[in-house]
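Engineer: Sharing a model prediction with you, sequence too.
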Amino acid sequence: MDSQYLPMSEAKISVLDWGFLHSDATYDTVHVWGGRFFRLDLHLDRFFGGLEKLRMTIPFNRDGVAEILHNCVALSGHRSSYVEMICTRGASPTFSRDPRDAVNRFMAFAIPYGSVANPEQMQRGLHVAISRTVRIPAASVDPSIKNYHWLDLVRGLYDAYDRSAETALILDMAGNVAEGPGFNVFVVSNGALMTPASGVLPGITRRTVFDLCAEIDIPAVAGEVTVDALRSADEVFITSTAGGIMPVTVLDGRPIADGKVGPVTRQLTELYWRKHEDPNWSTPVRYP
């Protein structure tokens, strides 16, 4: 923060920062596993794309941000880590309400790796509920810009908790499945994969699933995913930087297919974690 490395407990942001007051910020998260960043270039692409779309600037280029992320992990000593880069609109020195007057701020941090699903859930599958909460439409907030507009997602989570589920999926304006709090969703039917095409964050793990499927000749497309398609699927899984590929075995209190983690999900999960050692997919952290 402010070009210095410091403990998380000492990092502070002004209450006048538009990132805090208005969720006016973009960010990206990349994970480190076994001392290696996974698909760092893709995360940097998305982060800098968000900066451009939000008309924000930072005093670092891609190589500079990559160096900062390496340093955050190296100084923390983490071998497995959740690493975040953030740019907020910042605050105006004159308290102007014109966003052009604000001084954009960049910060980054590294914390121990965490997953959407815990080890037990990874083994038996997550229990998910479909919330009727509608995702913020793409015409209002561009979902390709990773952002902190999460009130719809948090509302969906509470809907799920009220129904004894562990996480939620919410719908788009047409009543089709969109995404969940920090993750995309895939359905497997007759050996082929489908994931929602629009109104969702184009997740890096989502893209990785497409790349893996291309390697092992599994059909995978993005399209319209109805609630009925989700309920009748052979398998369902979700994807996130925080957890990778995670199975879903119960939907709205009912088992999906036989209620067990399916073979396609297991195959993709195994291949996904193997790729973390592949130099074409991962980058070693520059530890001291």
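Structural biologist: In hand now; what should we look at? Keep in mind the model is a prediction, meaning the values are calculated, not measured. Numbers count the residues shown, from 1 in each chain.
Engineer: show me the contacts for residue 272.
Structural biologist: Under the criterion of Cβ atoms under 8 Å, 6 or more residues apart in numbering, the contact partners of residue 272 comprise 205, 208, 209, 212, 244, 245. Backbone N, C-alpha and C define where each C-beta goes, glycine included.
Engineer: So which elements touch the host helix or strand of the second one?
Structural biologist: Residue 208 belongs to helix 204-216 when elements are defined using DSSP states H and E. Where contact means 3 or more Cβ pairs under 8 Å, 6 or more residues apart in numbering; DSSP states H and E, helix 204-216 is packed against helix 40-53, strand 184-189, strand 192-196, strand 220-223, strand 235-240, strand 244-251, helix 263-274.
Engineer: okay, the last one in CSV with CA atoms only?
Structural biologist: This means helix 263-274. Output of helix 263-274 as CSV, limited to C-alpha atoms (Å, rounded to 0.1, in the frame of the first residue of the first chain):
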residue,chain,number,x,y,z
PRO,A,263,-16.9,-38.8,-13.0
VAL,A,264,-16.5,-35.8,-15.2
THR,A,265,-16.2,-33.5,-12.2
ARG,A,266,-13.6,-35.8,-10.7
GLN,A,267,-11.6,-36.0,-13.9
LEU,A,268,-11.5,-32.3,-14.5
THR,A,269,-10.6,-31.6,-10.8
GLU,A,270,-7.7,-34.0,-11.0
LEU,A,271,-6.4,-32.5,-14.2
TYR,A,272,-6.9,-29.0,-12.9
TRP,A,273,-4.6,-29.5,-9.9
ARG,A,274,-2.0,-31.4,-12.0
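Engineer: Ranking the helices and strands packed on helix 204-216 by mean neighbour count, which comes first?
Structural biologist: strand 235-240 (a mean of 26; mean count of other Cβ atoms under 10 Å).
Engineer: Now that one: average pLDDT?
Structural biologist: Per-residue pLDDT values over strand 235-240 give a mean of 98.
Engineer: now stretch 122-137
Structural biologist: Stretch 122-137 shows an average pLDDT of 96 in the prediction.
Engineer: got the CA positions of it in PDB?
Structural biologist: In PDB, the C-alpha atoms belonging to stretch 122-137 read as follows (Å, rounded to 0.1, in the frame of the first residue of the first chain):
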ATOM      1  CA  MET A 122     -15.100 -31.100  -1.600                       C
ATOM      2  CA  GLN A 123     -15.600 -34.800  -0.900                       C
ATOM      3  CA  ARG A 124     -19.400 -35.100  -0.700                       C
ATOM      4  CA  GLY A 125     -20.300 -32.000  -2.800                       C
ATOM      5  CA  LEU A 126     -21.800 -28.700  -1.800                       C
ATOM      6  CA  HIS A 127     -25.500 -28.200  -1.000                       C
ATOM      7  CA  VAL A 128     -26.800 -25.200  -3.000                       C
ATOM      8  CA  ALA A 129     -30.100 -23.300  -3.200                       C
ATOM      9  CA  ILE A 130     -31.400 -21.300  -6.100                       C
ATOM     10  CA  SER A 131     -32.300 -17.800  -4.900                       C
ATOM     11  CA  ARG A 132     -34.900 -15.800  -6.800                       C
ATOM     12  CA  THR A 133     -32.600 -12.700  -6.300                       C
ATOM     13  CA  VAL A 134     -31.800 -11.200  -9.700                       C
ATOM     14  CA  ARG A 135     -28.200 -10.600 -10.600                       C
ATOM     15  CA  ILE A 136     -27.300  -6.900 -11.300                       C
ATOM     16  CA  PRO A 137     -27.900  -6.700 -15.100                       C
END
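Engineer: show me what contacts residue 147?
Structural biologist: Taking Cβ under 8 Å, 6+ apart, we find residue 147 in contact with 23, 25, 26, 27, 50, 141.
Engineer: In space, what's closest to the second one - neighbours in sequence excluded?
Structural biologist: Right, residue 25. Distance criterion Cβ to Cβ, 6 or more residues apart in numbering; nearest residue to residue 25, sequence neighbours excluded, is residue 19 at 3.8 Å.
Engineer: Brilliant, that's me finished.
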